[in-house]
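*Asks:* My questions concern the predicted model and sequence given below.
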Amino acid sequence: MGTVNGVLNLFCAAVMLLLWFGLLQQHLHKPPKEVKYFRYMLFTAFVMMLLESLAWLLLTPYDGWFRFVAMLSSVAFFVFLPLYTRYVYYLLGLQADNKLRLVQINDLLCAVAVVLLIVNAIHPFIFDYHTLKFVHPVGAAAIILLGGTVLVVNCAWLILYRERIGWYHVALLVPMSILPLLSFLLRIWFEGLELFYVFVAFVMIVNYVRLNANLFFNFKKQQEKLRSLQIRSTTERMKPHYIYNVLTSIYYLCETDPMLAQQAVGTFSDYLRSVLNNLDTGELIEFSEEVQTIKRYLKLEQMRFGDRFHVRYDIQADNFLLPPFTVQPLVENAVKHGVETSDRVGEIVIESFETPENYTVVVRDNGKGFDVEHFQQNKSNFGLRYIQKLLDMTVGGKLSLESEIGVGTMVTLRIPKN
């Protein structure tokens, strides 16, 4: 029976390790706490199953190391329980005060159980590892009561707050509380029967599938949201007043400089093509492509404004990915607020460089500047809020804004390399 138990536990440990690696390799940006807790649960389950399998396969009940390793396996379970508790309370979205109080109570029960297990390993009064039998019913009942209380309380909260996550998820989570408790009782009634880790592994597999299904549906929702943001951003780029201004400039160029007008039409056509192509794909692009779109845009604006502003590029890094139209709107703002509203010759600087941690893009101008706090509180300012949200959702990037009245404005994008 010991060999059978060892093989079963080793198989369950291997499955837990594979699931843990599978969840780890998804490279989720800012994974929710649900994913983090489940990763911890998978790894803890792997450790306790591996220890149990080593005890059965490599050691004998008469070996002192068997008692020590088996005790560590049981302790790992009472580390697993607090993680499961936090997992449940996070899913249910309980209020902070209630959550903290309940978590602390469950942590205390698990800590008492750990102390009893350590004492039992030194002087058996609950379970005798030599005979593989429970020594005293009261001791066994104490361990079952401590672990069972945590499991039953979690089960009760799942059922009580079932509306928050739905019956489907409750039905998959409740066995996490029932099956381990059932295996405890079976082990008392049928000495030598070790189904505890098999039950835990089964429930973890089921909830791994549930979690991945949730991640898939959340990913689809996020993609739809990103798509909506990108469409709105592209629509912003294509506002009629901008098209009207460009066409008006081309109209006057047709009379004064037909060759330049022809060049302007070609540039405008290329610009529109890049806008529509990025709208169709909705995928990340290299910064070098974004720079080309920016150059086409600025070339058109310089045809409108003539010598009223000049542009300086300092591109030291351009082989990183970012969402399309994240930098170009910043350049548009620089033209609109740094050139159109200024009495002096405008200067727009676009630079990019890399550090050990980030790729950085800076757009600055020497315009009038403004009050940053008042600007950020302006809810009608869709552009910057869109860029901040899009960067965060796609590449984990951050946007910072600095401006000084009478000096100019600088916007900085930082995109993590990982």
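*Replies:* Thanks, I have the structure now. Residues are numbered from 1 along each chain as shown.
*Asks:* Not counting its neighbours along the chain, what's nearest Val372?
*Replies:* Ser403 (5.2 Å; C-beta to C-beta, 6 or more residues apart in numbering). Every C-beta, even on glycine, is put in place using the N, C-alpha and C of the backbone.
*Asks:* and what of Phe309?
*Replies:* In space, Phe309 is closest to Gly346, 3.2 Å off (C-beta to C-beta, 6+ apart).
*Asks:* Helix, strand, or coil at the residue nearest to Val372?
*Replies:* strand (DSSP: H, G, I helix; E, B strand; the rest coil).
*Asks:* Please tell me how far it sits from Lys368.
*Replies:* Note on Ser403: its distance to Lys368, by C-beta to C-beta, to the nearest Å, is 9 Å.
*Asks:* now do Glu340
*Replies:* 10 Å.
*Asks:* Pick out whichever of the two has more residues nearby.
*Replies:* Lys368 (18 against 14; other C-beta atoms under 10 Å).
*Asks:* Show me the strands in the stretch 1-150 of the chain, by range?
*Replies:* For the stretch 1-150 of the chain, applying DSSP state E, counting those that start in this stretch gives strands covering 127-128, 133-134.
*Asks:* before we move on, the earlier item: before we move on, what's the pLDDT of the residue nearest to Phe309?
*Replies:* On the pLDDT scale, Gly346 is placed at 86.
*Asks:* Isn't it up against Lys368?
*Replies:* No. Applying C-beta atoms under 8 Å, one finds Gly346 not in contact with Lys368, separated by 10.3 Å.
*Asks:* quick one: common contacting residues for these two?
*Replies:* Gly338 (C-beta atoms under 8 Å, 6 or more residues apart in numbering).
*Asks:* For the helix or strand harbouring Leu211, name the packing helices and strands.
*Replies:* Secondary structure from DSSP states H and E places Leu211 in helix 196-237. Under the contact definition 3 or more C-beta pairs under 8 Å, 6 or more residues apart in numbering; DSSP states H and E, helix 196-237 sits against helix 2-24, helix 33-58, helix 167-173, helix 175-189, helix 258-281, helix 328-338, helix 382-394.
*Asks:* at 6 Å what do you get?
*Replies:* Judged by 3 or more C-beta pairs under 6 Å, 6 or more residues apart in numbering; DSSP states H and E, helix 196-237 is in contact with helix 2-24, helix 33-58, helix 167-173, helix 175-189, helix 258-281, helix 382-394.
*Asks:* if you average pLDDT over the shortest one, what comes out?
*Replies:* Averaging the model's pLDDT scores along helix 167-173 yields 82.
*Asks:* And it, what's buried?
*Replies:* 169-170, 172-173 (16 or more other C-beta atoms under 10 Å).
*Asks:* what do you get for the longest one?
*Replies:* In terms of neighbour count (16+ other C-beta under 10 Å), helix 33-58 has its buried residues at 35-56.
*Asks:* With the first one instead?
*Replies:* By neighbour count with 16+ other C-beta under 10 Å, helix 2-24 contains the buried residues 2, 5-6, 8-10, 12-13, 15-17, 19-20, 23.
*Asks:* nearest to Val150, of those?
*Replies:* Using C-beta to C-beta, Met16 comes nearest to Val150 of these, at 20.2 Å.
*Asks:* Quick check, pLDDT for the closest one.
*Replies:* According to the model, Met16 carries a pLDDT of 91.
*Asks:* Does it touch Ala45 like I think?
*Replies:* Yes. Under the criterion of C-beta atoms under 6 Å, Met16 makes contact with Ala45 at 4.7 Å.
*Asks:* picking that back up, what about the residue nearest to Phe309, neighbour count?
*Replies:* With other C-beta under 10 Å as criterion, Gly346 counts 23.
*Asks:* Flag the shaky bits of the protein, pLDDT-wise.
*Replies:* 1-2, 26-30, 59-64, 95-100, 125-140, 184-194, 226-242, 245, 278-282, 375-383 (pLDDT under 70).
*Asks:* Now Thr326: closest residue in space that isn't a chain neighbour?
*Replies:* With C-beta to C-beta, 6+ apart, the residue lying closest to Thr326 is Ile387, at 5.2 Å.
*Asks:* how far away is that neighbour from His337?
*Replies:* 15 Å.
*Asks:* Give me the more crowded residue out of these two.
*Replies:* Legend: neighbour count by other C-beta under 10 Å for Ile387 and His337, higher for Ile387 (24 against 20).
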